[in-house]
Each structure stands twice: as structure tokens, then as C-alpha cells.
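Participant: model this:
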Amino acid sequence: MGTTQLEPVPEPKYWHLKTVLTDALDSEFAVGEILPNERELAARFGVARATLRQALEQLELEGRLQRRRGVGTTVAPPRVGVAVGDTGQTWPGTETWEPVDNVAAVPPAAVARLLDTAPDEVAHTVRRIRRSHGQPVAAELLYVPARSVPGLTGIDVPTGPARARLVLRELQRLPLEGQDQSVELGSARADDAKELDRLPGAPVLLVTTRYIAAGRTAAVAVATYRADTCRLTFGDAGVQLLAG
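Facilitator: Next up, the predicted model:
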């Protein structure tokens, strides 16, 4: 691998290096490929390792790179669009999300208020995962009160992906009247961090969706997106969350 010397420029050196690295990522590396170590990269571009680290950190913030524990720095997959806003009214399905499990549990207080259920009332809790290029980019908990899926009463599949699919199927029998969503910045909880291959406390985007049927809340989904693989855009169609 040859040496590439950076030309003097008025902008910060790490920022110019970021641009050069971006070109290299587009032309020399494939998605998921591991980058050479810092010593090799610093030698190639003729910069100090501190300057290189600044450029790499900026590319990670922009979602071009991912630092994976036990693996190294890899090229991030391209981002795909997820509509957030009034861009469509549909029940949660399995097209882009993989059902992982379903348990009966009491929802968090904030979710119980949205569902208008008693503080100690148990709900079907479906856990789903979204992947891009084989890597997890989002995890979701879908809370469904028993009143929304009465047909599940006599079905003997207590937990697991099969039960999760049954809950989703029964929920889709209701006529969906509308949905609303909110987005906020948060920190990854321990269980979400493990599932998303991040450290606990890592920045995430929390997307809460309330599904309405028969004049009341039928279900609430709380999706946790890795902040390093998504961004928000605004347009005529509403807010869109782009996730890798």
C-alpha cells in the first residue's frame, strides 16, 4: 500500500483527511471490510495518529464507519429509509423486522399511560430486531394489551418467535384507524446495547409509535435505533429516519 501525502489546505487537517478517507472508503473498501490499523493508516496518509483518530471519529459519527468490539473499525453498510411521520398507516409486520421473542410483562409506566392500562396490567411484549447487511441496527419492543388480541386466549404457544408472530397476526385483524410517532435522543440500556452490539449508554434514537383502533390505543412500539447508523431528514412527506 503506497503513501498518500496531503496537500496543504486552509481547513483543519483532520477534516481534509476525512474527505480523503471518504473517497478511499468509496473506491477501495467493501461494506463490512476491516480497515488497516491506525499505524498503517497514519503512515499511508502522512499524518499524526491524533489527526487520524479525529477523522475516524468524525466518520463514525456520520455513519460511514463502525467500531465493533473484538473486531476493529469496519465500513458501515449504506443507510435505508424508515418513514417516521404521516407517510403511511400500517400495522407492524415482519417485512423488515425479525420477530425474536414474546413474553407477558408489565409495560413501563410511560407505555402503560399511552395504552390506558392499569399500572400492574400485563401486556404481550414482542421483541423484534432489524438488520442491515447482517448487522443489527435497531431493536423494538411492541406492547399489546390483551384486549387488542382476544383470539390468543386458547393458543398454547407461550413464548418465542412463533408466539411473537401469532401476536402480530392477531393484531393485524383489527382495523387500523391511525398512528402517531415521536422521536427522541436517548442512551442504550444494557439489554438493547447487547443486542445492537454497542456499549451501554451509547447514543440511540428512540422512536415511539402509538397504533389506534376502535377509538383507543391498540398497541405501542418503542424502537431503539443506533445513532451511528441513522439520521433524520425533513420534507413534504414528514420526518424520515434513515437507518443503516
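Participant: helices and strands of this structure: which one bottoms out on pLDDT?
Facilitator: strand 238-243 (a mean of 50; mean pLDDT, DSSP states H and E).
Participant: domains of the chain?
Facilitator: 13-75, 80-234 (the TED database).
Participant: mean pLDDT for those domains: which is lowest?
Facilitator: Of all those, the minimum mean pLDDT falls on domain 80-234 (a mean of 84).
Participant: count of residues packed around residue 216?
Facilitator: 12 (other CB atoms under 10 Å). Heads up, the C-betas are built off the backbone N, CA and C, glycines and all.
Participant: for residue 67, that is, sorry about that
Facilitator: 15.
Participant: Quick check: buried residues in the helix or strand hosting it?
Facilitator: In this structure, residue 67 is located in strand 65-68 according to DSSP states H and E. Of the residues in strand 65-68, those buried by neighbour count under the rule 16 or more other CB atoms under 10 Å are 65, 66.
Participant: where do the helices sit along this structure?
Facilitator: For the chain, helices defined by DSSP state H occupy the ranges 13-28, 38-45, 49-61, 109-115, 160-171, 190-195.
Participant: Tell me which of these sits most buried.
Facilitator: helix 160-171 (a mean of 19; mean count of other CB atoms under 10 Å).
Participant: So what touches that helix?
Facilitator: Here helix 160-171 makes contact (CB atoms under 8 Å, 6 or more residues apart in numbering) with 91-94, 99-102, 124, 126-128, 142, 144, 148-149, 151-152, 155, 157, 211, 218-219.
Participant: redo that, cut-off 7 Å
Facilitator: Helix 160-171 is contacted from outside by 91-94, 99-102, 124, 126, 144, 148-149, 151-152, 155, 157, 218-219, using CB atoms under 7 Å, 6 or more residues apart in numbering.
Participant: same check, this time on stretch 206-217
Facilitator: Under CB under 7 Å, 6+ apart, the answer for stretch 206-217 is 84, 91, 114-116, 174-184, 186, 218-225, 241.
Participant: List buried residues within those.
Facilitator: Looks like the contacts of stretch 206-217 have 84, 91, 114-115, 174, 179, 181, 183, 186, 218-225, 241 buried, using 16+ other CB under 10 Å.
Participant: Let's see which of those residues end up in strands.
Facilitator: Among the buried ones among the contacts of stretch 206-217, DSSP state E puts 84, 179, 181, 183, 186, 218-225, 241 in strands.
Participant: Redo these as TSV? Include distance to residue 135.
Facilitator: Converted to TSV, these look like this (distance: CB to CB, whole Å):
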residue	distance to residue 135
84	21
179	27
181	24
183	22
186	20
218	31
219	27
220	26
221	21
222	21
223	16
224	15
225	13
241	17
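Participant: which two of the residues you listed lie the greatest distance from each other?
Facilitator: Taking CB to CB, the two most distant members of these are 186 and 218; they sit 24.4 Å apart.
Participant: As CSV, the helices of the chain with distance to residue 203 would be great.
Facilitator: Converted to CSV, these look like this (distance: least, CB to CB, whole Å):
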stretch, distance to residue 203
helix 13-28, 20
helix 38-45, 23
helix 49-61, 10
helix 109-115, 20
helix 160-171, 28
helix 190-195, 11
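Participant: quick one: which of the ones you listed is nearest residue 135?
Facilitator: Residue 135 sits nearest to helix 190-195 of all the helices of the chain, at 11.5 Å, using CB to CB.
Participant: Show which residues not belonging to the closest one make contact with it.
Facilitator: 129, 136, 139, 199, 200, 202, 224.
Participant: what about the second one, neighbour count?
Facilitator: For residue 136, the number of neighbouring residues by other CB under 10 Å comes to 18.
Participant: Perfect, I'm done here.
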